[in-house]
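[1] I would like the atomic coordinates for the input below:
(2 chains)
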Amino acid sequence: KQEVTQIPAALSVPEGENLVLNCSFTDSAIYNLQWFRQDPGKGLTSLLLIQSSQREQTSGRLNASLDKSSGRSTLYIAASQPGDSATYLCAVKDSGYALNFGKGTSLLVTP
Amino acid sequence: DAGVIQSPRHEVTEMGQEVTLRCKPISGHDYLFWYRQTMMRGLELLIYFNNNVPIDDSGMPEDRFSAKMPNASFSTLKIQPSEPRDSAVYFCASTEGGRVVYEQYFGPGTRLTVT
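    From the prediction side, this is the model:
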């Protein structure tokens, strides 16, 4: 069974810092990996999706990388802002149709 | 398209009552998923359907939970009788299985509180 782990569970940084969120998975035979953002009491917003054949994807200040062989992905956020405060979830799709989620990293960016 | 629609957005009920959560997937999507999110366990798959047929219900916690998809545009998740430990956020998601890029689209969720 695919296990997805996100470290750290919580992170607090001052505004303007660059930061990295980590995601690891146990079975490298994945189809794709997706990063989501979840604001308190809200649903999931898809940020980036990386296909298994890709190494990275970028959207604005966000960059996600994928290393299948080591079972790792990172989400890099440049020049963090208070509006980036949210929980970030990593989800892996393997041979099944459902997504396997990590428990998320709760990010707080302080002014 | 309006995206995945879920109702109600919030539900508060007493232990022992029946609860029905509803989902309308994105038109044209042939897969529908029900997930549950709790602080302890994170987001977990409960059940998913393909072309209105349940494919994998191994995540359904117990017989108190049941899900149906009578047609391509509607699904329900029912809990009877409800218990306080069922308190969670329930998400519905849908996708089109034949696409090269497989991506699930999530509804806003239903926050269930069982007292």
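[2] strands paired with the worst-scoring helix or strand of chain B on mean pLDDT, and their directions?
    Taking mean pLDDT, DSSP states H and E as the measure, strand B:105-106 is the helix or strand of chain B with the lowest mean score, a mean of 92. Using DSSP bridges, the strands paired with strand B:105-106 are strand B:88-95 (antiparallel).
[3] enumerate the positions of the strand it pairs with that are buried.
    B:88-95 (16 or more other CB atoms under 10 Å in any protein chain shown). C-betas here are computed from N, CA, C, even on glycine.
[4] make CSV from those residues and add pLDDT to it.
    Converted to CSV, the buried residues of strand B:88-95 look like this (pLDDT from 0 to 100):
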residue, pLDDT
B:Ala88, 97
B:Val89, 97
B:Tyr90, 98
B:Phe91, 97
B:Cys92, 97
B:Ala93, 95
B:Ser94, 94
B:Thr95, 93
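[5] around residue 52, how many other residues sit close by?
    I'll assume chain A. Neighbour count for A:Ser52, taken as other CB atoms under 10 Å in any protein chain shown: 15.
[6] wait, chain B was what I had in mind.
    15.
[7] so how far is chain A from the residue nearest to it when sequence neighbours are not counted?
    Nearest residue to B:Asn52 in three dimensions, chain neighbours excluded: B:Met69, at 4.5 Å (CB to CB, 6 or more residues apart in numbering or on different chains). To chain A, B:Met69 is 15 Å away according to CB to the nearest CB, to the nearest Å.
[8] quick revisit: CSV for the buried residues of strand B:88-95, including distance to A:Leu107?
    CSV is the format used below for the buried residues of strand B:88-95 (distance: CB to CB, whole Å):
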residue, distance to A:Leu107
B:Ala88, 22
B:Val89, 19
B:Tyr90, 24
B:Phe91, 21
B:Cys92, 26
B:Ala93, 23
B:Ser94, 28
B:Thr95, 27
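[9] out of those, which comes closest to A:Pro111?
    Taking CB to CB as the measure, A:Pro111 sits nearest to B:Val89 out of these, at 28.7 Å.
[10] what residues are up against the closest one?
    Counting by CB atoms under 8 Å, 6 or more residues apart in numbering or on different chains, B:Val89 touches B:36-38, B:109-112.
[11] right, I'll call it a day here.
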